[in-house]
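*Asks:* Task: produce atomic coordinates for the following.
(2 chains)
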Amino acid sequence: MNFYRNLSIRQKQIAWAWAFLALPVVFYVVIRFYPTGNAMVISFQDWNLLGDRTWAGWANYEKLWNDPDFWKVFRNTFVYLILGTPISLVISFVVAYHLDKTRFMHGFIRMLYFLPFMTSAVAMAWVWRWFYQPVPIGLFNNFLADFGIPQINFLRSTTNALPSILAPAVWAGLGFQIIIFMAGLRAIPQSYYEAARIDGVSSWSVLFEITIPLLRPTIVFLVVFSSIGFLRIFDQVFNMTTNDPGGPLNSTKPLVLAIYQSAFTDFDMGYAAAQTVVLFLILLMVSLFQLYLLRDR
Amino acid sequence: MAVADDIRASSDTLFEAKRAKRQASMGQYIRWALLFVGGILMVMPIVYMISTSLKWPHEVYNVSLIPNEPHLENYTFVLEDGRFYGWFINSLIIAVITTISNVLFDSLVGYTLCKFRFPGRYIVFIAILSTLMIPTEMLVIPWYLMSQQFGWLDTYWGIMFPGLMTAFGTFLMKQFFETVPDDFIEAARIDGLNELQIWWTVAMPLVKPALAALAIFVFLGNWTAFIWPLIVTNSWDMYTLPVGLSTFADEADVQWELVMTGAAISTIPTLIVFLIFQRFIIRGVVMAGLKG
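*Replies:* The predicted structure is shown next:
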């Protein structure tokens, strides 16, 4: 204790700071940084979890490059992104824009839109899976039958399955995006709208010349946030295609599911790790793109 | 930041002018009606899930929303099976411990990085921030190997160790501690409190809303977490609710009323919590979304 007493105030501060940080620093090094490096090392190894680890050089990456299934998966992952992000952003912006101008039962309607965000993706994947079943089981096809419209093959068709799996993912995320958009809309100063009104600007011009440009930071944040979400889609796909994960014919398999299967079904750890490195690089590019768009001008 | 509580639109001024001319324009009614119908459609999957969980098997194929003879047999059947109790308890224990750990450690680290000046501060901050860029999916393989080596597979510790601290929470708390005036901390120091007491009794109470926002996010994230618990558990008594539901539903495949009951059991608790703390949770989500 004498030793502590002899320290200057500044030295005491340093001691306290490092005492507070000691455990967290160990955590981040052992649970975050070491595994990151480890994943990269494993991606250069050939290892089936039981046998020896042998160096494989770039073999795993060459295998990826030459694997038609991987390119299919790569394509699917970007289809989730390219369909999911614009659709969810446009819907949530339209809802937020109009909800922002609605007084009557505002809180109740907002709650209705937000409720799906509080659900678990696994539970909802099974609910939607039931909706998609053919007659006489599935809800959607029963409705179609009632109106005499031809049946739609949702989950068993290679073209319809991916959008069908995307729908619950978009649905569950809308509430969050609407809430963030409304916060962004409310942060726009009233004076801009007053000035526009005095100048007699049409409401379409107000939308495109004032509202959307001033929402830029919110839009960039939501684009990046939802893009990362769609690039990492897994829960919905895994649960809606349990009989043939990623099927039919790999038409719905995203990168994360491919990683899961390589690692924990085929036990090809090196190959799985190489795919995680690819995922990491894609997400890194998205994050850097966000920093580029939000840089100070 | 304070999110205004009163619901006043950004562009109200525009519409007040119009409203003055023709008080309740047709457009307003149509807008409201469309939003309302959209909102009802949004909750339909949840409503159908609950309604089907109350139906008898022969009624499941009926599209009607209200069961002919609502009953709770499905719930007693699913719960008598016993597994759901265990999964529920597992999920609850894991989500609660992880939430407590995040609230304590993320705020302690955020506070230290915000209020202390010491060599290495900038490096620690950048290092923690950079982990935001590392996707969980990249780490699951090394985590699995680590768990295998140390015997953490199929244990609570194994399920929760990756999430005990998050860079997101640390960054969020650091932002909020910026709003705590340094004078308060100096005053407490002069009064003879040690640094741990200052953090706990002076700084923490001032950022309660942020702590609540963080707690909501962490709890919900862990309650619904799927991929890591799926990998690290392999006996059904260690499953969490999502993993258990996934295997249960796969078994019960054709008995959709039982699948819906399982889904309802894992969804209803969070929905109830949301309905009770609605305003509070929405404010927390905005705070976490805009600051984090």
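*Asks:* okay, now B:Val60: neighbour count?
*Replies:* 21 (other C-beta atoms under 10 Å in any protein chain shown). (C-beta placed from N, C-alpha, C; glycine too.)
*Asks:* my guess is it meets B:Thr52, correct?
*Replies:* Yes: at 6.0 Å, B:Val60 counts as touching B:Thr52 under the criterion of C-beta atoms under 8 Å.
*Asks:* where do the contact lists of those two overlap?
*Replies:* Shared between the contact lists of B:Val60 and B:Thr52 (criterion: C-beta atoms under 8 Å, 6 or more residues apart in numbering or on different chains) are residues B:256-257.
*Asks:* Under the pLDDT cut-off, which ranges of the stretch 101-250 of chain B? List them.
*Replies:* Within the stretch 101-250 of chain B, not a single segment meets pLDDT under 70.
*Asks:* Without its sequence neighbours, what residue ends up closest to the residue of it found nearest chain A?
*Replies:* Distances between the stretch 101-250 of chain B and chain A by C-beta to the nearest C-beta are smallest at B:Pro142, namely 3.4 Å. Take B:Pro142 and drop its neighbours on the chain: the residue closest to it by C-beta to C-beta, 6 or more residues apart in numbering or on different chains is A:Pro35, 3.4 Å away.
*Asks:* nearest residue to A:Phe27 other than its sequence neighbours?
*Replies:* Once flanking residues are discounted, A:Phe27 sits nearest to B:Met165: 5.4 Å by C-beta to C-beta, 6+ apart.
*Asks:* ok, now which ones touch that neighbour?
*Replies:* A:24, A:27-28, B:101-102, B:105-106, B:109.
*Asks:* what about dumping the CA coordinates of the helix or strand hosting A:Phe230 to PDB?
*Replies:* In the assignment (DSSP states H and E), A:Phe230 maps to helix A:216-231. Taking C-alpha atoms only, helix A:216-231 is exported to PDB below (Å, rounded to 0.1, in the frame of the first residue of the first chain):
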ATOM      1  CA  ARG A 216     -27.900  11.100 -46.300                       C
ATOM      2  CA  PRO A 217     -26.100  10.000 -43.100                       C
ATOM      3  CA  THR A 218     -29.200   7.900 -42.000                       C
ATOM      4  CA  ILE A 219     -29.400   6.300 -45.500                       C
ATOM      5  CA  VAL A 220     -25.800   5.400 -45.600                       C
ATOM      6  CA  PHE A 221     -26.000   3.900 -42.100                       C
ATOM      7  CA  LEU A 222     -29.000   1.800 -43.000                       C
ATOM      8  CA  VAL A 223     -27.600   0.700 -46.400                       C
ATOM      9  CA  VAL A 224     -24.400  -0.600 -44.700                       C
ATOM     10  CA  PHE A 225     -26.300  -2.100 -41.700                       C
ATOM     11  CA  SER A 226     -28.800  -4.000 -43.800                       C
ATOM     12  CA  SER A 227     -26.100  -5.000 -46.400                       C
ATOM     13  CA  ILE A 228     -24.000  -6.600 -43.700                       C
ATOM     14  CA  GLY A 229     -27.100  -8.300 -42.400                       C
ATOM     15  CA  PHE A 230     -28.100  -9.800 -45.800                       C
ATOM     16  CA  LEU A 231     -24.500 -10.800 -46.600                       C
END
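*Asks:* on contacts alone, who are the packing partners of the helix or strand harbouring B:Gly262?
*Replies:* Using DSSP H and E, B:Gly262 sits in helix B:256-276. If contacts are counted by 3 or more C-beta pairs under 8 Å, 6 or more residues apart in numbering or on different chains; DSSP states H and E, helix B:256-276 sits against helix A:121-131, helix B:26-53, helix B:73-80, helix B:83-115, helix B:208-223, helix B:241-251.
*Asks:* how far is the very next helix or strand once past that helix from where the chain is centred?
*Replies:* Scanning forward in sequence from helix B:256-276 by DSSP H and E, the next helix or strand is helix B:278-291. Relative to the centre of its chain, helix B:278-291 is centred 11 Å away, using C-alpha atoms, centre = their mean, to the nearest Å.
*Asks:* Show residues contacting helix B:278-291.
*Replies:* A:107, A:110-111, A:114, A:117, A:176, A:179-180, A:183, A:221, A:225, B:1, B:3, B:5, B:172, B:175-176, B:209-210, B:212-214, B:216-217, B:273-274.
*Asks:* okay, which residue is most central for the chain?
*Replies:* No chain specified, so I'll use chain A. A:Gly229 (0.2 Å; C-alpha atoms, centre = their mean).
*Asks:* Hmm, no, I was thinking of chain B.
*Replies:* For chain B, B:Leu220 is the residue whose C-alpha lies nearest the centre (C-alpha atoms, centre = their mean; 2.1 Å).
*Asks:* any idea how far the closest residue to the residue nearest to the centre of chain A other than its chain neighbours is from chain B?
*Replies:* Nearest non-adjacent residue to A:Gly229, counting by C-beta to C-beta, 6+ apart: A:Gly173, 6.5 Å away. Separation of A:Gly173 from chain B (C-beta to the nearest C-beta, to the nearest Å): 12 Å.
*Asks:* Check the contact between A:Gly173 and A:Ile233; I expect there is one.
*Replies:* No: contact between A:Gly173 and A:Ile233 fails when scored by C-beta under 8 Å: they sit 10.7 Å apart.
*Asks:* Tell me the residue of the stretch 151-297 of chain A that sits nearest chain B?
*Replies:* For the stretch 151-297 of chain A, C-beta to the nearest C-beta, closest residue to chain B: A:Thr276, 4.1 Å.
*Asks:* hmm, back to that, and the helices and strands packed on helix B:256-276, which is most packed in?
*Replies:* helix A:121-131 (a mean of 25; mean count of other C-beta atoms under 10 Å in any protein chain shown).
*Asks:* Quick check: what element follows it along the chain?
*Replies:* Taking DSSP H and E, what comes next after helix A:121-131 is helix A:139-146.
*Asks:* do that next one and chain B meet at all?
*Replies:* Yes: for helix A:139-146 and chain B, the contact criterion (C-beta under 8 Å from any C-beta of the partner chain) is met by A:139, A:142-143, A:146.
*Asks:* and that helix, how far from the chain's centre?
*Replies:* 31 Å.
*Asks:* what angle separates it from helix A:121-131?
*Replies:* 20 degrees (axes from the mean of the first three to the mean of the last three C-alpha atoms, to 10 degrees).
*Asks:* what does helix A:139-146 contact?
*Replies:* When contacts are defined by C-beta under 8 Å, 6+ apart, helix A:139-146 is touched by residues A:130-136, A:150-152, A:154, B:48, B:61, B:63.
*Asks:* mind running it again at 7 Å?
*Replies:* A:130-132, A:134-136, A:151-152, B:48, B:63 (C-beta atoms under 7 Å, 6 or more residues apart in numbering or on different chains).
*Asks:* before we move on, what about stretch B:109-119?
*Replies:* Contacts of stretch B:109-119 (C-beta under 7 Å, 6+ apart): A:13-14, A:17-18, A:20-21, A:24, B:121, B:124-125, B:170, B:173-174, B:177-178, B:185, B:199, B:203.
*Asks:* Look up which helix or strand the closest residue to A:Thr218 other than its chain neighbours falls in, please.
*Replies:* Spatial nearest neighbour of A:Thr218, excluding adjacent residues (C-beta to C-beta, 6+ apart): A:Gly184 at 3.4 Å. Using DSSP H and E, the element containing A:Gly184 is helix A:161-186.
*Asks:* Next, see if the helix or strand just after that helix gets close to chain B.
*Replies:* Next along the chain after helix A:161-186, taking DSSP H and E as the criterion, comes helix A:190-198. Yes: applying C-beta under 7 Å from any C-beta of the partner chain, one finds helix A:190-198 touching chain B at A:190, A:193-194, A:197.
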